[in-house]
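Participant: quick one, fold the following:
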Amino acid sequence: QVQLVESGGGLVQAGGSLRLSCTASGRTANYYYMGWFRQAPGKEREFVAAVSRSGSWTSYADSVKGRFTISGDNAKKTVVLQLNALKPEDTARYYCGYGATPRNFNYWGQGTQVTVAS
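Facilitator: Below is the predicted model:
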């Protein structure tokens, strides 16, 4: 079992920045991916970004490229998502995920709310 604890999120004005952090604990594998999905009210959960355990590989949704940056700390088993130039359409609950593949996570955090005011 792997447990994920998220922090960060909150309310910010459009154009502002936020930082989300997620730490994994428990029986983590030698090779894994961590990342973030988000879900807005009435919409399906969508991929945002992912990073490999080593941090050498990253992937982003087209909607956040150039604005969000994901990074991983292997020793701390932590992934950070820096959200810049936020838009109202980024408003959603953001979920941290962990798994053997970058877009099909096996474990999820409880989610953290990001609200961007126009």
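Participant: listing request: residues of the chain with sub-threshold pLDDT.
Facilitator: Applying pLDDT under 70 to the chain flags no residue at all.
Participant: residue closest to the middle of it?
Facilitator: Nearest to the geometric centre of the chain sits W36, at 2.7 Å (Cα atoms, centre = their mean).
Participant: and that one, what helix or strand is that in?
Facilitator: Assigned by DSSP states H and E, W36 belongs to strand 33-39.
Participant: helices along this structure, start to end?
Facilitator: Along the chain, no stretch is classed among the helices by DSSP state H.
Participant: direction included, what does the strand holding W36 pair up with?
Facilitator: Here strand 33-39 is paired, per DSSP bridges, with strand 46-52 (antiparallel), strand 92-99 (antiparallel).
Participant: list the buried ones in that strand?
Facilitator: Across strand 33-39, burial judged by 16 or more other Cβ atoms under 10 Å covers Y33, M34, G35, W36, F37, R38. In this view, the C-beta of every residue, glycine as well, is placed from N, C-alpha and C.
Participant: okay, now the residue nearest to the first one when sequence neighbours are not counted: neighbour count?
Facilitator: Just to be clear, that refers to Y33. In space, and not counting its chain neighbours, Y33 is closest to P102: 4.2 Å by Cβ to Cβ, 6 or more residues apart in numbering. Residue neighbour count, defined by other Cβ atoms under 10 Å, stands at 19 for P102.
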